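Peer 1: Sequence first, predicted model second:
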Amino acid sequence: MQKYLTFDCYGTLLNESKTYDEVEAIAKKIGVDPKSAREKFDVYQSDRSNMHPYVDYDLLTRNNLINLDYQFDLEHQFEKYYVEVLEAHRNLTPFPETIATLHKFVEAGYKLILMSNSSWSIITKNVEALQLPFDVWTAEDVHAYKPDLKFFKIIEKEYGLNNQNHIHIAEGYGADIVPCKQMNWNSIWVNRNFEKAIDAKPTYEVNTLDEIPDILKNSL
């Protein structure tokens, strides 16, 4: 029986800080508070109301920078760095344990599937950084961003996923763990920031990816 691992990308496999560091660097150039700019960018990018109706990730990012201009009462100051922010996002790097752990998954025979709130103009470079073969699904493919259950239902149907052949691995609590609970999917929460689960409890919880191979030996 083929066994499947689905993954969130950003924050789970790739360290997203380069994107936010770039926003901070731009804020310094412009002369506004870098920490405040970083926080506002993060809040906008995470707000699902900014994704309905569906927009591609690159346009979402541009809208975010336009919003920063509005928030700081500026005229096209953040927005003109749109290309630089996207480039920073394309060039994210894996967490230290990511590649070695992914190799263990492949060696154990798991099929790896990426479910990312991204678009093809960005994700291709991100996948290259992971160095291993993935089936890749983006918000652009399904015209929905996680935690929209539409994304999860499409993947479940495509591969015939169930709790005997599949587990979802993700850092994002609201975007991934909560909908996993709603879908009755088994999940592993990569809780890198030592947060507290509120209502939706993951099946398993770890702090880094390299803790997962031992869990899988007893669960799939």
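Peer 2: Yep, it's here.
Peer 1: hmm, who's touching the host helix or strand of V178?
Peer 2: When elements are defined using DSSP states H and E, V178 is found to belong to helix 178-183. When contacts are defined by C-beta atoms under 8 Å, 6 or more residues apart in numbering, helix 178-183 is touched by residues 146-149, 151-153, 156, 168, 170, 186-187, 199-202. For every residue, glycine as well, the C-beta is placed using N, CA and C.
Peer 1: And the next helix or strand past that helix?
Peer 2: Once helix 178-183 ends, the next helix or strand along the chain (criterion: DSSP H and E) is strand 187-190.
Peer 1: strands paired with that next one, and their directions?
Peer 2: Looking at strand 187-190 with DSSP bridges, its paired strands and their directions are strand 166-170 (parallel), strand 204-206 (parallel).
Peer 1: re the thing from before, can you select the buried ones from the contacts of helix 178-183 in ChimeraX?
Peer 2: Selection of buried members from these for ChimeraX, criterion 16 or more other C-beta atoms under 10 Å:
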select :146,147,148,151,152,156,168,170,186,187,200,202
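Peer 1: ok, how many other residues are close to L132?
Peer 2: Burial of L132 is recorded as 12 neighbouring residues (other C-beta atoms under 10 Å).
Peer 1: K104 is in contact with that one, correct?
Peer 2: No - contact between L132 and K104 fails when scored by C-beta atoms under 8 Å: they sit 10.7 Å apart.
Peer 1: if you go through this structure in chain order, where are the strands?
Peer 2: 3-7, 14-15, 93-94, 110-116, 135-138, 166-170, 187-190, 204-206 (DSSP state E).
Peer 1: closest one to H52 among these?
Peer 2: Taking C-beta to C-beta, strand 135-138 is the member of the strands of the chain nearest to H52, at 16.8 Å.
Peer 1: which helices and strands does the closest one pack with?
Peer 2: When contacts are defined as 3 or more C-beta pairs under 8 Å, 6 or more residues apart in numbering; DSSP states H and E, strand 135-138 sits against strand 110-116, helix 120-130, helix 149-159.
Peer 1: Try it again at 10 Å.
Peer 2: Counting contacts by 3 or more C-beta pairs under 10 Å, 6 or more residues apart in numbering; DSSP states H and E, the secondary-structure elements packed against strand 135-138 are strand 3-7, strand 110-116, helix 120-130, helix 149-159.
Peer 1: Let me have the ones you listed in TSV, extended by mean pLDDT and distance to N193.
Peer 2: As requested, the helices and strands packed on strand 135-138 are exported to TSV (pLDDT from 0 to 100; distance: least, C-beta to C-beta, whole Å):
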stretch	mean pLDDT	distance to N193
strand 3-7	98	18
strand 110-116	98	19
helix 120-130	97	21
helix 149-159	98	23
